[in-house]
Structures are given as structure tokens and as C-alpha cells.
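have a look at this fold, sequence not included:
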Ligand code: ADP
Ligand code: MG
């Protein structure tokens, strides 16, 4: 891979649902080691774009390139083995499994071993890695707790740890701060900033909580009605007249929950 090439490149992405064009000729690039946010008002096409990249939706047109490889038509089930991890806006944990087991399942894609074996006899390296991640997200004291017994904020942290367990080269986060309290958002901010700075993790983040987006993003792409209307650094986006008109100026509905 060319060191200068972007890790992820979206070119001319178009998605139509019947007569509706949800994403219209969208292009942007995510550079290696950067946190890149995709923001915009409801219905802008963010989730549709995210779902095309994670290969849950098939685009009507355009290309998606990961590290120089065209993945536009790859299967979603193939993405983890390419190093692309995602979290879900609506949690998708195994409720009856423990915290440790849920996180260990994330090692499946690079361990390439049978699930039962992973849970019964995880190898020491995988277990160490998972413990390190659970420590990082504040769940090390909950290893034996069932996922269903955790509060919402901790369940979201467990999803993050499971996604990180595949050692992703690209982490796709769909509204990771949604429903979190301010204290939890600050913690998420710290975790993602540290992973980015210390390990060069590359993140594509769809998020409504502007406090988090403006704090951790290196670059922001703004969508409205399927189009890209702006792109730049947080400072540039905050002062962009088109963005303020389409999105940021519309009051407090995008604010985080307060404790
Ligand atoms: P955002 O995530 O920015 O809020 P979405 O990508 O979810 O926006 O939606 C963009 C547009 O596409 C909306 O008008 C939405 O109703 C429509 N849409 C999204 N998913 C589907 C689908 N599976 N079928 C039909 N229309 C959809
Ligand atoms: Mg959405």
C-alpha cells in the first residue's frame, strides 16, 4: 500500500431507494490514522453511507476503496477479515454471555478458530489483548458479568471493546455517544483520542453529539440531503455558513444528555 494513499476512499457514491436518492454522488477520503466524522441533519444520508461502507447496503453507483482494494461489492461478512470493525447504533451484544466472552468473540476474525473453542479455551494472547481493551474501556472489574446486567453506557463500551478486539485498521462507529451521559461521553472522548494518538487507529464516526465530534475529529464531512455540503477541520466546519444554516444553527436538539 502506498503510504500516501487514503485508507478509505469513497468516490461518486450514490444510493437510491425507489425514487428517493438518499446519497447523491458523494466523495470523500479517510486518511490513515485519522478520526474522520460524518455529520449532518436527520435524513442526510449518513447511515446509508455508513451501511454501504460496512457492506450492509449495496450502492446504486460509485466505488468504495479500502487501502487500494475495491471493496464495493464485498460481502459484509468478509469485512472483519479485511480489518474493518463496526459498532451498531442499536446494541448487538450476546446478552447471556459474559463481558469477557463478548469481547473474546471479537478476536474470532483474526484468530480464525471455531467459536466454541474461543470461548472455552481462548489462547493467552487473545485473552491478554481482550483484558487490556476491557481495562481501557473501564470494564475489567466486570469480566464475569453477563452483558445483559450492564447499564447502557457500559454495554456501549463493551461493543467498542469487541470491535477493537479484531485489531481493526478501520473502525466504523455509528453514533457511539447516543444515549450516553456527559461523564461517559468524556470517557469515550479520552479513549478514542488515546487510541488515535498512541496506536494510529483510523476511525470513521457518524455522530450527533457535537461536543464529541468537535473534540476528537481531525476532519469532518458534512452531508445534507444526500450531498456533501462541506468538509474541513472542526474549526473550519464550526464557522462554515452553509453548515450553520443546514445544521449547527438549528438549536439544541443535537446536544448530549445531561446528568
Ligand atoms: P441519516 O443517517 O443521515 O439520518 P439515512 O441515511 O438514514 O440518514 O437516510 C437518508 C434517507 O434515506 C432518508 O430519507 C431515509 O428515509 C431514507 N432511507 C434510509 N434507509 C432506507 C431504506 N432501507 N429504505 C428506504 N429508504 C431509506
Ligand atoms: Mg442515521
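Sure, I can see it. On a predicted model such as this, the values are computed, not experimentally measured, just so you know. Residues are numbered from 1 along each chain as shown. Ligands and ions are numbered 1, 2, ... in the order given.

enumerate the residues of this protein near ligand 1.
The chain comes close to ligand 1 at residues 17, 20, 22, 40, 42, 43, 44, 45, 46, 47, 48, as judged by CB under 6 Å from any ligand atom. (Each C-beta comes from the backbone N, C-alpha and C, glycine too.)

run the last query once more with 5 Å
Proximity of the chain to ligand 1 is confined to 17, 22, 42, 43, 44, 45, 46, 47, 48 under the rule CB under 5 Å from any ligand atom.

go through the chain and flag its longest helix.
With secondary structure taken from DSSP state H, the chain has its longest helix at helix 182-199.

distance between the next helix or strand after it and the chain's centre?
Remark: after helix 182-199, the chain's next helix or strand is strand 203-206, criterion DSSP states H and E. Taking the mean C-alpha point of strand 203-206 and that of its whole chain, the gap between them comes to 5 Å (CA atoms, centre = their mean, to the nearest Å).

contacts for the helix or strand following strand 203-206?
The helix or strand immediately downstream of strand 203-206 is helix 210-216, counting by DSSP H and E. For helix 210-216, the external contacting residues (CB atoms under 8 Å, 6 or more residues apart in numbering) are 35, 37, 39, 177, 185, 188-189, 192-193, 196, 205, 207, 220, 234, 237-238, 248, 254-256.

over to stretch 146-160?
Contact partners of stretch 146-160, identified using CB under 8 Å, 6+ apart, comprise 87-88, 91-99, 102-103, 137-139, 142, 173, 176, 179-181, 184, 187-188, 191.

recalculate using a threshold of 6 Å.
With CB atoms under 6 Å, 6 or more residues apart in numbering as the test, stretch 146-160 has contacts from 87, 91, 93, 95, 99, 102, 137, 139, 179, 180, 184.

pLDDT (mean, whole number) over that stretch?
In this model, stretch 146-160 carries a mean pLDDT of 95.

just the terminal-to-terminal distance for that stretch.
16 Å (CA to CA, to the nearest Å).

list the buried residues in that stretch.
146, 147, 150, 153, 154, 155, 156, 157, 158, 159, 160 (16 or more other CB atoms under 10 Å).

got the contact list for residue 142?
Shown in contact with residue 142 (CB under 6 Å, 6+ apart): residue 99.

in this protein, what helix or strand scores lowest on average pLDDT?
Every helix and strand of the chain was ranked by mean pLDDT, DSSP states H and E. The lowest is helix 108-111, at a mean of 58.

now stretch 167-186: average pLDDT?
In this model, stretch 167-186 carries a mean pLDDT of 94.

can you pull the buried residues of that stretch?
Buried-residue list, stretch 167-186, by 16+ other CB under 10 Å: 168-181, 184-185.

and it, end to end?
End-to-end distance (CA to CA), stretch 167-186: 23 Å.

and the contacts of stretch 146-160, which are buried?
87, 93, 99, 102, 137, 139, 179, 180, 184.

so which helix or strand takes in the residue nearest the centre of the chain?
Centroid-nearest residue in the chain: residue 173, 1.5 Å away (criterion: CA atoms, centre = their mean). Using DSSP H and E, residue 173 maps to strand 170-174.

how far away from the center of its chain is that strand?
Here the centre of strand 170-174 is set off from its chain's centre by 2 Å, with CA atoms, centre = their mean.

over to stretch 199-206?
7 Å.

name the SS class of the nearest residue to residue 225 once chain neighbours are set aside, please.
Excluding its sequence neighbours, the residue lying closest to residue 225 (CB to CB, 6 or more residues apart in numbering) is residue 44, at 6.5 Å. Recorded secondary structure, residue 44: coil (DSSP: H, G, I helix; E, B strand; the rest coil).

so residue 44 touches residue 224, yeah?
Yes: taking CB atoms under 6 Å as the definition, residue 44 is a contact partner of residue 224 at 5.2 Å.

more crowded one of the two?
Per other CB atoms under 10 Å, whichever of residue 44 and residue 224 has more neighbours is residue 44, with 24 against 19.
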